Structures are given as C-alpha cells and as structure tokens.
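A.B. asks: next one to model:
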Amino acid sequence: MRRTGRAAFGPLICMLLAFAGPARAEIELSQGVDRTEVGLDDTFRLTVTVSDAPDSAQFQFPFGSDFSVLGKSESSQISYQLGGSGPGGIHRSHTYVLLMRANRPGQITIPATVMTVGGRTYKTESVQITVKRGHVDDPRARPGTPAFPDPFGRFRMPGFDEDEDGFPAIDVPRSDSDLFLRSSLDLDEVYVGEQVTLSIYVFSRVDLSSVDAVNLPKLDGFWSEELDSPSQLSGEHKVLNGVPYRAYLLKRRALFPMKAGAMSVGAAEADITTGFLFAGRRVHRTGNEVLLKVKPLPPGAPAGFAAANVGRWRLSTEVSQTQVQLGQPLTVSVILEGRGNLKNAVMPALIGPASLRIYEPTSTDKMTTAKGKIGGRRIQEYLVMPQQTGTVTLAPLSFSYFNPASGRYETSTTETIELKVTGSEGAKLVASPTLEPAAKNVLAVGGLRPPRHEAHFSAPGEPLWRKSFFVPALVAPLGAWLALALVGFVRGRLSHEDEASRKSKRIREARRRLSAAEKLRNSGRSAELYTEVEKALLQFLEAKLNVPVVGLTRDALEARMRTAGVSEQCRTQILRALEACEVARFAPGASTPAQERVLEDAQTAMERWEGR
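C.D. replies: Model prediction:
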C-alpha cells in the first residue's frame, strides 16, 4: 500500500508543475560588494545574482584599470512555489562571485554587469567603493577569525586559489601529473651580467614526506649565488589549469649570464618520498629545461668600464681624518654599494700624488638580498702615509656601470678629498728651548759618602775538581745523551712503518681534512674551508704520487698525474679545485666558485682515484 500511495502522489506533483510552468517570474539582475571600504592590500568580492534567466543568457562582467579580477566562482539554486502571493512555478537563481583587488587608492567605480537575453539587455547598478592605502580591517570579522569562513576547508573554487604574485605559467605533464618538478626564470630576456632568478618547485597532489636529494642543473656560462634553500617542506596552494596543487620550493638561485646569446638551464632532478612513515614510496623526478635570451651590452661604454659592472651602484669615499701630522698614517675607505654581482664588480684604485704613500687595500664584502635581488656593500680600506707637509689633494674616483633598468651607462663619482699635513711632534721637541739642567749640588744634600773601609779575609778552600761530585757531574750529560739516544732508537724500531702503511695513513689524514672542510660549509669561514680543501688535496697527491707536490707548478703536477695513469676527468677536477682554493687564498676580492663545487670536485676526484 505504501508503494501504491507513492505512485498516486507522483502524477499529482507533475500536474501542479505543469500548471505552474507558464507563470514564469520576471528576470531580475543585481550586483553588490561585500564591503565598501577596502585597502590596496585587501581583496573584496563582487556578487552578481540573476533570477529566472534562460540558459542562453550572455553576461558581460565588470572590467577596468582601477581593479583586477583574481578569480570567479558560480553556483545555482532551484526552488518550487505552488501558491501564495508571488507567481508560482519553478524559480532558478544563479550567483557569480568575483574575487577582486583595487589597483589605486581613492574612490573607484565598479561598472554595471550587462546581460543579454533574446536581443533584450539587462543592466545592474554600478557600485562605488573607497580604497585606502595598506590594509583595512573588515568590521564584520571577529578578532582571530576570517571575515568569510570557508565551510569546504582547502577544497576551494578554482579562482580563489590562483596565485596573486605573478607566479609563472606552468605546463602540467600528461604523465606523472600528480607529482612533478618544474624550473622557472623570473625573466625571459636580460642583459649580460644582469640577474635572473631560477626557482625550482615540486608540484604535488599527494602527501610528501621528504625530499631526499636535489641535483641542480649545470650552470655553464652563469655566475650563480644561492638565494633560498628551505630546510623544511612548506607548501602553498596553487591552481594549475583548474586543478589544485601544493607547490614546494626546493631551490632559488640568482644567475648572472656571462655571455650573450640564447642560453639554456638544464633540468633539475630530485628524489622524493611520498606518504607517511613506513607507507612512504620513493620516486625520482626530472624537471624541465628553461631558455633565456641574453642581450649584449649596447655600444658606447665609457672609458674604464668593466663588463662585470652591471646593476645599480653608488661609489663613495670616507677618510678617517683630514688633518694629520707628518709620519702619522690615515685611512681612506672606498665604498661601493648597490644591487648587482658584487663579487665580480671591478672598483677603481685609489691614486694620489707622490707626497702620499698608498699601500695595498684590504677588501671587505657584505652580501645582501632584497626582494630576491642580490647586492651588497664592498669596502676597500687604504692605508695612506704622508711624506711631506702641506695641503694634498686626492682626485675624485669614477665608477662606470650599466643600468639594466634604464638601459644606459651611468657613472658614480666621489668627492675630492683634501688633506692637511702638519709637522710632527718630534720636530717640535727639537725646536723647543733648552731644557733646564737637572744636575744637583751633592754637598748641599749631605756630602759625599765615604768608600767601604772594612774588609773580611778567609783561608783558601779545596779546589772544585777535587770535590766528590765533580766527576759524576762531568759524566752525567754524556750518560743522559746516550740514554736518550738508546730510547729513541728503541722507539724508532718499535714504531717502524713500511711504505704502504705511511701512504694509507696520509690518505686517511687527507680525508679527515676534507671532512673538516665540509663542516665549515655555510659557516661564513670560507677562507678556512678553502685552506682545508687545498691541504687535503696536496696531502692526498703526495701519498699517491710518492713525491712532494707543494713546489710543483700546475703543468708539472698534471704531468706527474698523467705519468701515474690518472684519468683526464680526475686530473681536471683536482686542478680546478686547487685553482679555486688558490684564488680564494691570494685574491679574496676576486671571484671564486661556490663552496659546494670545490668540495664536490675534491671528493669526487679522491673517490675516482681510489676506485680506478
């Protein structure tokens, strides 16, 4: 009977709907914003609602230069009305929500939304909002809670998870689309020496446990500096082609191309563990190759311009004192600060007249990173010794550089330094009046003291060589020397090592030095790191070649290794690491390779030599 009753109720509903169908309500179109006062750092929502519009309706949503549309979502609702004061029948409403952000402060107007249905046009009212600088709190939001709670948590509509900070377009691979590796550059076209930032991300739709290893691509033709290398996985929401992902930054490096033309950055690789604890699975992913167009520097470079001086720089000088005595030193600091490849920048040398003796400078670099751009401050301190009195002038210094932002060569010039050299204190002392005599009248202070007038005499004693301790004391040094020689001989015999044992011991010491150098990585003590790597390589070469290598030139050392049968790749890595260490020791202001590259060359060369 329950089944029969339902069958009878169904036709009744159909009849009611059939009678209600012709009485369709009029089309209604409206729009409004969730807040009328926002900040430039805030987002707001424009809600467009249309009722009883057919599926053929066409919409033209607001657009303009005063605001940006960050995303759009839509939803629909159907209701049934069988009677009452309003028209009966089926009522369908459609809601569009546009996520927006203002582009300028002041009073801005959101234009009307236009809908076209069968040749007839419907328009909403425009909306006025007030935009202020910075952030404006939403008065409807309670402290500690979002203004618009999201009942769906992380499962948002596609438009609301779009990246808002200019994240580059990413091509999603057909295979491995749930977990893939991608590299991107912030610029597609730069000048020689201008910074371009390489970012390597992992995009994932599955849970990640860890990233075990990241192999960076070869950066031939680039000078690189590390910007960011997160030690922990921290993902952010990104939406690619309407599909939500979690993006994890693995590496970010600043690249400075050293030559013009079309250049490419190879694919990075990473070993990734997915899942949690014992349910994890390790996978290997290879990224993509990125291309970069490098433009040559334009003609018309000023005299003295160095090709590495690209960026935005300012040169200045500071002097410890402008008035100095003859023979007293003073310090002149030449300071270069700005944005660009500081390590490769070539500064002008301080030059003065013959009346000043200028010593070689000491250089100090302090690297900085602001908004992803490499820069810093270099100070070259010169010790200056005046050679004669008078007024001495140091001419201004000029630093010419190419500014990629303006596309022009610019020059920063220091101010003229005037030094006043006066006479020394020693000269004043010699020229001073005669000092008063310091002699005193001895008779006035007690007279002369008489000489000693008492004497004591004693009988002559026994000669020293006749005493009982003379002979033992005379023989004791010889006996001690014989005893020490005997002990040394016995110890030498007991600690005797053959050639193979000594060689193994030196190789182990070299590896310990290399391990100590690895611990100094990223500690700021780069000089100690390069010294340890050089000592480890030289100790390893002496043990393997069985000859002293400290005084050998690079050509002689390569000839020794070639005679010993060392492979060409191993020889190249050893010589390259020694060259980098030598540059770091004797030319700290010059460019040096990355510490990771030097350590990798030294360790790989030792392992290949041992394994051949």
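
A.B. asks: now Q380: how far from P329?
C.D. replies: For Q380, the distance to P329 (C-beta to C-beta, to the nearest Å) stands at 16 Å. Yep, even glycine has a C-beta here, placed from its N, CA and C like the rest.

A.B. asks: just the pLDDT for W609.
C.D. replies: pLDDT recorded at W609 is 81.

A.B. asks: helices or strands up against the helix or strand containing it?
C.D. replies: Assigned by DSSP states H and E, W609 falls within helix 595-611. If you count contacts as 3 or more C-beta pairs under 8 Å, 6 or more residues apart in numbering; DSSP states H and E, helix 595-611 packs onto helix 499-519, helix 526-545, helix 568-586.

A.B. asks: possible to save these as TSV with mean neighbour count, distance to G118 and mean pLDDT?
C.D. replies: Converted to TSV, the helices and strands packed on helix 595-611 look like this (neighbours: other C-beta atoms under 10 Å; distance: least, C-beta to C-beta, whole Å; pLDDT from 0 to 100):
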stretch	mean neighbour count	distance to G118	mean pLDDT
helix 499-519	15	76	80
helix 526-545	20	75	82
helix 568-586	18	76	80
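
A.B. asks: make JSON lines out of those and add distance to T95.
C.D. replies: Listed next are the helices and strands packed on helix 595-611 as JSON lines, based on distance: least, C-beta to C-beta, whole Å:
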{"stretch": "helix 499-519", "distance to T95": "60"}
{"stretch": "helix 526-545", "distance to T95": "60"}
{"stretch": "helix 568-586", "distance to T95": "64"}
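
A.B. asks: in the protein, which helix is the longest?
C.D. replies: Longest helix of the chain, by residue count under DSSP state H: helix 470-494.

A.B. asks: what sits against L297?
C.D. replies: L297 sits next to Y191, V192, G193, A307, V310, F402 when contact means C-beta atoms under 8 Å, 6 or more residues apart in numbering.

A.B. asks: against L537, how distant is the residue lying closest to A536 once chain neighbours are set aside?
C.D. replies: Counting by C-beta to C-beta, 6 or more residues apart in numbering, A536 lies nearest to R513, which is 3.7 Å off, once chain neighbours are set aside. In this view, R513 and L537 are 9 Å apart by C-beta to C-beta.

A.B. asks: centroid-nearest residue for this protein?
C.D. replies: Nearest to the geometric centre of the chain sits L227, at 2.1 Å (C-alpha atoms, centre = their mean).

A.B. asks: can I assume it sits in a helix?
C.D. replies: No: under DSSP: H, G, I helix; E, B strand; the rest coil, L227 falls outside any helix and is assigned strand.

A.B. asks: verify the contact between it and A254 for me.
C.D. replies: Yes: in this structure L227 lies within contact range of A254 using C-beta atoms under 8 Å: 5.4 Å.

A.B. asks: tell me which of the helices and strands packed on helix 595-611 lies nearest to Y409.
C.D. replies: Ranking the helices and strands packed on helix 595-611 by their distance to Y409 (criterion: C-beta to C-beta) puts helix 568-586 first, at 28.8 Å.

A.B. asks: which strands or helices does that closest one pack on?
C.D. replies: If you count contacts as 3+ C-beta pairs under 8 Å, 6+ apart, helix 568-586 packs onto helix 526-545, helix 554-563, helix 595-611.

A.B. asks: now that helix and helix 595-611, what's the angle there?
C.D. replies: 140 degrees (axes from the mean of the first three to the mean of the last three C-alpha atoms, to 10 degrees).
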